[in-house]
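**Student:** how does the following fold in three dimensions:
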Amino acid sequence: MISPATPIASVPRIHRRVLPALRRLGIETVGDLLLYFPARYEDFSAQKHIGDLALGETATIQGVVRRVTQARTARRHMHLLEAVVEDESGRIKALWFNQPFLARAIKEGGAVRLSGKVAQGPKGLYLQNPAYERIVKHSMSDTISNLQPPTSAGVHTGGLIPVYPETQGITSRWLRFLIKSFLPLRTSLQDPLPVATRERHRLPPIAEAVAAIHFPQTRAEAAAAERRFIFQDLLLFQLRSLRERSRLRQHAAGVIPAHVGLIKEFVASLPFPLTDAQRRSLWEIAKDMEKPRPMHRLLEGDVGSGKTVVAAAAALLAVRAGYRAAFMAPTEILARQHLATLEKTLMPFNIGIDLRIAGRTKKKSGPVKSDITVGTHALIQKSVQFERLGLVVVDEQHRFGVSQRAALAAPSSKFQVPSSQKVLPHFLSMTATPIPRTLALTVYGDLDLSVLDEMPKSRRPVVTKIISPEKRNDAYQFIRSEVRKGRQAFVVCPRIEVGSRKSEVGGGISRHSTQQKLLLAEVKTVKEEFRKLSEEIFPDLSVAMLHGKMKPKEKEGIMAAFREKKYDLLVSTSVIEVGVDVPNATIMMIEGAERFGLAQLHQFRGRVGRGAEQSYCFLFATEGGLASRRLRAVVDAKNGFELAEQDLQIRGPGALFGVVQSGIGDLALKGIMDPILVRSVRDEAVALIQESPDLSRFPALGASLQKMEATLHLE
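**Tutor:** Alright, predicted model coming up:
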C-alpha cells in the first residue's frame, strides 16, 4: 500500500530512468512529491468562447479538433504543429513549436481544452504554444454545441495552473499529473504545526494547505497555503537557533577577563582612533568572553569598517589570559591579509603569530605553539592540535561548510585542554556582507549580533559611475591619467555561467565538472581581457593578471609585485573580492557589472578607497545592463547596509551570500522579507520551547526539525 513514506522508486507508475532527475529535485518519497511546491502559477482562469477571444489576452477555450498538420519553418527548420479547433462560436488555430510529440495527443475529431496567449498571425488570431488537455466526450454522437466553455479548472488548463521548478526530463506538466494522482494521500501527512499554533496564527491544516498550494481555486487560497508553509519553515529555523543557543549554554568556556587597562593600551597604540561602533562592538565581545559559557557572536560591518582590528583586540585579551586564538579565512589571500594586519596591529604587545596554509606550512603537524594562528582549511586538519584554544575567529563564515566551522568550535582531542576543563572556545564570526536584521535573525539566529555601522572618518567615499559602451574610451583615458599620477587599478572580469541551470542540473553534469568548466571559462576570459588591455588599450602600461588556475606561490608573487607598484593594472577574476588591501590602488573597473550581485559589487568597490587619495569604481555595462535597477542601486547607496536592503528586495536573501543556500527553502527565503512575520514566528518558537524544551510534546514538529537539521548547509 502506497503512503507518504513510500520511496518514489517503489511506485510502479514511475519509470526508473526519471529517478535521478527526481532526486536532483529533492524528491525521494511520495511525501516529498506532495511537498514539492510550485514556483508560480499561470492564470488561465478567463474562460472564453473562441468567437470572443481578443488579441493579447490569456484565456481558456474548448472545442473539437478539425484539422492537424505538421511542417517545418523555412528559416530555422523548427518543427511546427498546427491544429484548427472549433466551438459553436467559431474556429481558431493553435500553434506549437518544437513539440512533435503532441501529434500523438491531439487528434482530429478529439475534444480538447486549450489555455494560452492569443497572438496575431498573417492569417488572423491564433493560440501560441497553449497548454492542452484532452476531454473525454460522453458519447460519439456529442456535437460541438455540447462543449460549452469550461466551468472549472483542469489539471493543465483553466484556472490557476501550477508551474514547478524543473530539471531535464522533468516537466511541470508531468509533475502536475503525478501530484494530482497522489493528492488523496495528503490526509496521511503528519502536520508538524501543533493545533494551538495553527489556531493562534490562523493557519490551515497541512492536508488542506497541500491541496490549495498545488491546485488553488483563487490566488487568495494559494496565498493562504503559501503563508502556512512559510510560517512552518521559518519556525523550524527559529527552533534550531533557540536549541543551538540552549546547547551552547550547557558547555563551559574559558573565562577571559575584560581587561580595561589592556584595552585602553591597545587603543592608544593604534595610529587611528576607533569609531564609536568599533568601541561598542569590542566591549560587547569583551563582556561575552568574560562569562564562563562560550560566546557565539556575529560581527558584521561594511567593507573597511574595521572588523579585523576589533577581532585583534579580542585575540589580545585571550592571549593575555593564557589562551591561544585561531583566525580562519576562506582564501589564502584573505588569510595573508589578516596575518599582515594582526602583525602590524599587535606588534607592541610581543604576540607570536604564525600562518597555516595547506601545502605551504613548514611545520605541518603537532601542537600549535604560537599565541595566534591564522590560516585557511589547514587549521582543521587532523594533524593540527591546539592547546588551550580560547578564541576562534572565522571570517566570511558563510563560505565555510557547517562541519568545517564546527570543527574549530567543538571540543575534541585535537584541541587539547586540561582534563578538568572540557570547554568550548569562544566563537566570533565576521562578515563584510551587511545583512538586514530580519535575515540575520533567521539565518544566524543562534548568534548574538554586533554591528559596525560606522566608517572611519579618514575614509573618503568611492565615486561610483555606470560606464555605457560609448563612454568606454573616456573611462580608459581617465584610468591612464590616474596611473600617470602614480595610482594603480584593478580590473575584474565578468562572472561566467556555464550553460543554463537546467542543463547543468539535468544534463548529468557533476558539480565538480561544472566548477571545472566555470574555472576554465573564467581563466579564458581573464587571458582575453589581459591581452586586450596590455596590447590594444594600455600598451604603454604594465599589466598583470590573476586567476584561479595559478599556483598559490604564483598568485602570492603577483599580489606582492602589485602592492610594490611593479604593475599599473591587475586583471583578475572575483578572487580579489575579499582580503585584498592595496592602498595605492584607486580605481576598480568591473567588466560585465550587471552579471554580479549587489553585495559582490560592493565588495569589489571596497578594494579601493583605502588610501588618502580619491578612489573610483567604474561599472562597465553592456547595452542590456545600462539602465539596470541593480547597478543604479550600487551608485546611489550610501553604505553596504542600505545596499543589502536593496539586494534583499531585488534578488532575494540568497543573493546576499553570493551562493545558493542549500537546505533553506524558497518559501523560507520569501518569508524573511516580512519582518513582522519573522518576529511573530520568533515569539511562537520561544513559547513552544518554554512549553517543551526538547519538543517531546510536539513529536511531529521535533521530527521535522531533525530532518531539517540533517540537510541544512549555510555555505
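**Student:** which helices and strands does the helix ranked longest in the chain pack with?
**Tutor:** The residue-count maximum for a helix in the chain (DSSP state H) belongs to helix 219-249. Identification of packing neighbours for helix 219-249 by 3 or more C-beta pairs under 8 Å, 6 or more residues apart in numbering; DSSP states H and E yields helix 195-201, helix 206-214, strand 296-301, helix 437-443, helix 666-671, helix 675-691, helix 699-711. Where you see a C-beta, it was placed from the backbone N, CA and C, and this is true even at glycine.
**Student:** dump the ones you listed to TSV, plus mean pLDDT.
**Tutor:** What follows is these, written out as TSV (pLDDT from 0 to 100):
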stretch	mean pLDDT
helix 195-201	96
helix 206-214	96
strand 296-301	87
helix 437-443	65
helix 666-671	71
helix 675-691	90
helix 699-711	87
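**Student:** can you name every helix or strand that the strand ranked longest in the chain contacts?
**Tutor:** Longest strand in the chain by number of residues, with DSSP state E as the criterion: strand 58-72. Helices and strands touching strand 58-72, by 3+ C-beta pairs under 8 Å, 6+ apart, are strand 40-44, strand 79-87, strand 111-121.
**Student:** between the last one and strand 40-44, how many degrees?
**Tutor:** Relative orientation of strand 111-121 with respect to strand 40-44: 90 degrees, computed using axes from the mean of the first three to the mean of the last three C-alpha atoms, to 10 degrees.
**Student:** which strands and helices sit next to strand 111-121?
**Tutor:** Using 3+ C-beta pairs under 8 Å, 6+ apart, strand 111-121 sits against strand 40-44, strand 58-72, strand 79-87, strand 90-97, strand 124-135.
**Student:** gap between stretch 27-36 and the chain center?
**Tutor:** The chain centroid and the centroid of stretch 27-36 are separated by 23 Å, computed with C-alpha atoms, centre = their mean, to the nearest Å.
**Student:** buried residues of that stretch, list them for me.
**Tutor:** 27, 29-36 (16 or more other C-beta atoms under 10 Å).
**Student:** what of stretch 250-267?
**Tutor:** Buried residues in stretch 250-267 (16+ other C-beta under 10 Å): 253-254, 256, 258-259, 262-263, 266.
**Student:** save these as JSON lines, and put in distance to Lys117, secondary structure and pLDDT too.
**Tutor:** Below are these laid out as JSON lines (distance: C-beta to C-beta, whole Å; DSSP: H, G, I helix; E, B strand; the rest coil; pLDDT from 0 to 100):
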{"residue": "Ala253", "distance to Lys117": "63", "secondary structure": "strand", "pLDDT": "88"}
{"residue": "Gly254", "distance to Lys117": "67", "secondary structure": "coil", "pLDDT": "90"}
{"residue": "Ile256", "distance to Lys117": "66", "secondary structure": "coil", "pLDDT": "96"}
{"residue": "Ala258", "distance to Lys117": "67", "secondary structure": "coil", "pLDDT": "95"}
{"residue": "His259", "distance to Lys117": "71", "secondary structure": "coil", "pLDDT": "95"}
{"residue": "Leu262", "distance to Lys117": "71", "secondary structure": "helix", "pLDDT": "96"}
{"residue": "Ile263", "distance to Lys117": "67", "secondary structure": "helix", "pLDDT": "96"}
{"residue": "Phe266", "distance to Lys117": "67", "secondary structure": "helix", "pLDDT": "97"}
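**Student:** biggest separation within the residues you listed, which pair?
**Tutor:** Using C-beta to C-beta, the buried residues of stretch 250-267 span at most 21.8 Å, a distance reached by Ala253 and Phe266.
**Student:** contacting residues around Ala314?
**Tutor:** Residues near Ala314 by C-beta atoms under 8 Å, 6 or more residues apart in numbering: 282, 285-286, 289, 325, 391, 393, 428.
**Student:** and of the residues you listed, the nearest to Thr622?
**Tutor:** Using C-beta to C-beta, the contacts of Ala314 come closest to Thr622 at Val393, 39.8 Å.
**Student:** my guess is that closest one is in a strand, correct?
**Tutor:** Yes: judged by DSSP: H, G, I helix; E, B strand; the rest coil, Val393 forms part of a strand.
**Student:** partners of it in the sheet?
**Tutor:** Phe327, Leu428 (DSSP bridges).
**Student:** that one: how many residues sit nearby?
**Tutor:** 30 (other C-beta atoms under 10 Å).
**Student:** quick check, it in contact with Ala313.
**Tutor:** No: applying C-beta atoms under 8 Å as the test, Val393 and Ala313 come out as separate, 11.2 Å apart.
**Student:** let me have the helices and strands packed on helix 219-249 in a markdown table, adding distance to Pro130 and mean neighbour count as columns.
**Tutor:** Output for those, formatted as a markdown table (distance: least, C-beta to C-beta, whole Å; neighbours: other C-beta atoms under 10 Å):
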| stretch | distance to Pro130 | mean neighbour count |
| --- | --- | --- |
| helix 195-201 | 39 | 14 |
| helix 206-214 | 21 | 21 |
| strand 296-301 | 50 | 24 |
| helix 437-443 | 40 | 20 |
| helix 666-671 | 28 | 20 |
| helix 675-691 | 37 | 16 |
| helix 699-711 | 38 | 15 |
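**Student:** circling back to that earlier point, what average pLDDT does the longest helix of the chain get?
**Tutor:** Per-region confidence: helix 219-249 scores 89 on mean pLDDT.
**Student:** cool, stretch 554-562 as well?
**Tutor:** 87.
**Student:** output it as CSV, nothing but the C-alphas.
**Tutor:** C-alpha atoms of stretch 554-562 as CSV (Å, rounded to 0.1, in the frame of the first residue of the first chain):
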residue,chain,number,x,y,z
GLU,A,554,52.4,32.4,-8.3
LYS,A,555,49.4,34.3,-7.0
GLU,A,556,51.3,35.4,-4.0
GLY,A,557,54.1,36.8,-6.1
ILE,A,558,51.8,38.7,-8.4
MET,A,559,49.9,40.3,-5.5
ALA,A,560,53.2,41.2,-3.8
ALA,A,561,54.5,42.8,-7.0
PHE,A,562,51.3,44.7,-7.4
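**Student:** now that stretch: buried residues?
**Tutor:** Those would be 555-556, 558-559, 562, for stretch 554-562 by 16+ other C-beta under 10 Å.
**Student:** any idea how far that stretch is from the chain center?
**Tutor:** Computed by C-alpha atoms, centre = their mean, the chain-centroid distance of stretch 554-562 equals 31 Å.
**Student:** need the contact partners of it.
**Tutor:** In this structure, residues lying in contact with stretch 554-562 by C-beta under 8 Å, 6+ apart are 332-333, 336, 488, 544-546, 550, 567, 570, 575, 580, 582, 585.
**Student:** wait, which of those is closest to Arg228?
**Tutor:** Nearest to Arg228 among these: Val575, at 43.2 Å, using C-beta to C-beta.
**Student:** is it true that Leu428 touches Asp395?
**Tutor:** No: applying C-beta under 8 Å, one finds Leu428 not in contact with Asp395, separated by 9.5 Å.
**Student:** quote the end-to-end distance of stretch 114-130.
**Tutor:** 6 Å (C-alpha to C-alpha, to the nearest Å).
**Student:** distance from that stretch to the middle of the chain?
**Tutor:** Distance, centroid of stretch 114-130 to centroid of chain: 38 Å (C-alpha atoms, centre = their mean).
**Student:** which residues make contact with it from outside it?
**Tutor:** The contact list for stretch 114-130 (C-beta under 8 Å, 6+ apart) reads 42, 44, 53-62, 85, 92-97, 99, 131-133, 156-158, 161.
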